[in-house]
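Enquirer: Return a 3D structure for these sequence lines:
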Amino acid sequence: MRNSIRKIGNSAGIVIPKPLLAGIGAKPGDPVDLVVEDGRLIVERARREPRAGWAEASKRLAAEGDDGLVWPEFANDEDEELVW
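Expert: Below you'll find the model as predicted:
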């Protein structure tokens, strides 16, 4: 698919057709990584950091009172005999 580079202020850009975005699993507004390899510009969907957003989600759950244990504590029969 042929496209052209367009001037955008002091920068330049291209319009990426929706089917091409879908091909990398991205949509408008998603972060992307740009790399130049062998004279080619490569656009990749940015990978999310593991556990991204977990801290905010846990704060929200605590504020809503929905942060209790899902499963009860599991104990072993011999736990009472342990000496610490």
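
Enquirer: Val32 bridge partners, please.
Expert: Arg45 (DSSP bridges).

Enquirer: From what I see, it and Glu44 are in contact.
Expert: Yes: Val32 lies in contact with Glu44 (C-beta atoms under 8 Å); the separation is 6.4 Å. From N, CA and C alone the C-beta is placed, and that goes for glycine too.

Enquirer: Assign Lys7 to helix, strand or coil.
Expert: Following DSSP: H, G, I helix; E, B strand; the rest coil, Lys7 is assigned to strand.

Enquirer: where does the chain have low pLDDT?
Expert: Judged against pLDDT under 70, the chain has no low-scoring part.

Enquirer: okay, the host helix or strand of Glu56 in CSV with CA atoms only?
Expert: Using DSSP states H and E, the element containing Glu56 is helix 54-63. Extracted as CSV, the C-alpha positions of helix 54-63 are listed here (Å, rounded to 0.1, in the frame of the first residue of the first chain):
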residue,chain,number,x,y,z
TRP,A,54,-2.3,-3.1,39.4
ALA,A,55,-1.4,-0.6,42.1
GLU,A,56,-4.3,1.8,41.0
ALA,A,57,-6.7,-1.2,40.7
SER,A,58,-5.8,-2.4,44.2
LYS,A,59,-6.4,1.1,45.7
ARG,A,60,-9.7,1.3,43.9
LEU,A,61,-10.8,-2.2,45.2
ALA,A,62,-9.7,-1.2,48.8
ALA,A,63,-11.7,2.0,48.5
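
Enquirer: any idea which element Val35 lies in?
Expert: Secondary structure (DSSP H and E) places Val35 in strand 32-37.

Enquirer: ok so, going back, can you work out which residues contact both of Val32 and Glu44?
Expert: Ile24 (C-beta atoms under 8 Å, 6 or more residues apart in numbering).

Enquirer: host element of Ala12?
Expert: strand 11-13.

Enquirer: How much space separates the closest residue to Gly25 other than its chain neighbours from Asn3?
Expert: Leaving aside its sequence neighbours, Gly25 sits nearest to Arg45 (C-beta to C-beta, 6 or more residues apart in numbering; 5.4 Å). The gap separating Arg45 from Asn3 is 19 Å, by C-beta to C-beta, to the nearest Å.
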